[in-house]
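In: Build the 3D model from these lines:
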Amino acid sequence: MKTEIGIRAATPEDIPIILRHRREMFRDMGFTDPAVHEALGCLTERYFQDAFQQGTFHGWFAVDAAGTIVGGGGVAEIALPPGPFSPTPARPEILNVFVEPAYRRQGIARRLMEVMIEWCRERGFSSVLLHASDEGRPLYASMGFQPTPEMRLRFK
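Out: Numbers count the residues shown, from 1 in each chain. Predicted coordinates for the structure are as follows:
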């Protein structure tokens, strides 16, 4: 049975929920070391406080009929100079896509993604990127996301 789900915007008061979703998302991806989660906690909370204040993070939650938050995601606007494939002075990145385990496989992540993609389109962005977990990759591919030629050099 599908649950009736609505979407609402996140506010700075929702930062504790955003942080919990982020921790759970990383746990689902295999990052289970409590020391790492603890070390990142304060820094991540500060990031979201600043980003909400500066208007560079925009989040949404999926809520059931009782108002319970069952999933969420957001878009971070990253300041970068315009280029031939992106004429705006910022690039959007989707992050923190998370759905509570009991609500998965009901189209909730897709609905959240549709809201975030539409938000990016309405603001004139020419593309949006994200980092996909193995579990999320099929959904993103079905929505038209493609691998890019991005390369990374890790220092640690």
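In: SS state for Thr88?
Out: The local conformation at Thr88, judged by DSSP: H, G, I helix; E, B strand; the rest coil, is coil.
In: my guess is it contacts Ser127, does it?
Out: No - assessed by CB atoms under 8 Å, Thr88 is found out of contact with Ser127, at 10.1 Å. (Glycine included, C-beta is placed from N, CA and C.)
In: And these two? Which one has more around it.
Out: Thr88 (15 against 12; other CB atoms under 10 Å).
In: which residues does the more buried one contact?
Out: 82, 123-126 (CB atoms under 8 Å, 6 or more residues apart in numbering).
In: what does Ala79 give?
Out: Contacts of Ala79 by CB under 8 Å, 6+ apart are 56, 89-90.
In: Glu77 too?
Out: 55-58, 90-92.
In: one step back: what subset of the contacts of Ala79 is buried?
Out: Taking 16 or more other CB atoms under 10 Å as the criterion, what is buried in those is 56, 90.
In: Turn the contacts of Ala79 into CSV, including distance to Glu135 and pLDDT.
Out: Output for those, formatted as CSV (distance: CB to CB, whole Å; pLDDT from 0 to 100):
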residue, distance to Glu135, pLDDT
Thr56, 27, 97
Pro89, 33, 88
Ala90, 28, 91
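In: Same list (the contacts of Ala79) but as JSON lines, adding distance to Glu100.
Out: Below are those laid out as JSON lines (distance: CB to CB, whole Å):
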{"residue": "Thr56", "distance to Glu100": "26"}
{"residue": "Pro89", "distance to Glu100": "36"}
{"residue": "Ala90", "distance to Glu100": "31"}
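In: for the contacts of Ala79, which one is nearest Leu153?
Out: Ranked by distance to Leu153 (CB to CB), the contacts of Ala79 are led by Ala90 at 23.7 Å.
In: So that closest one sits against Val75, correct?
Out: No - with contact defined as CB under 8 Å, Ala90 does not reach Val75; the gap is 10.4 Å.
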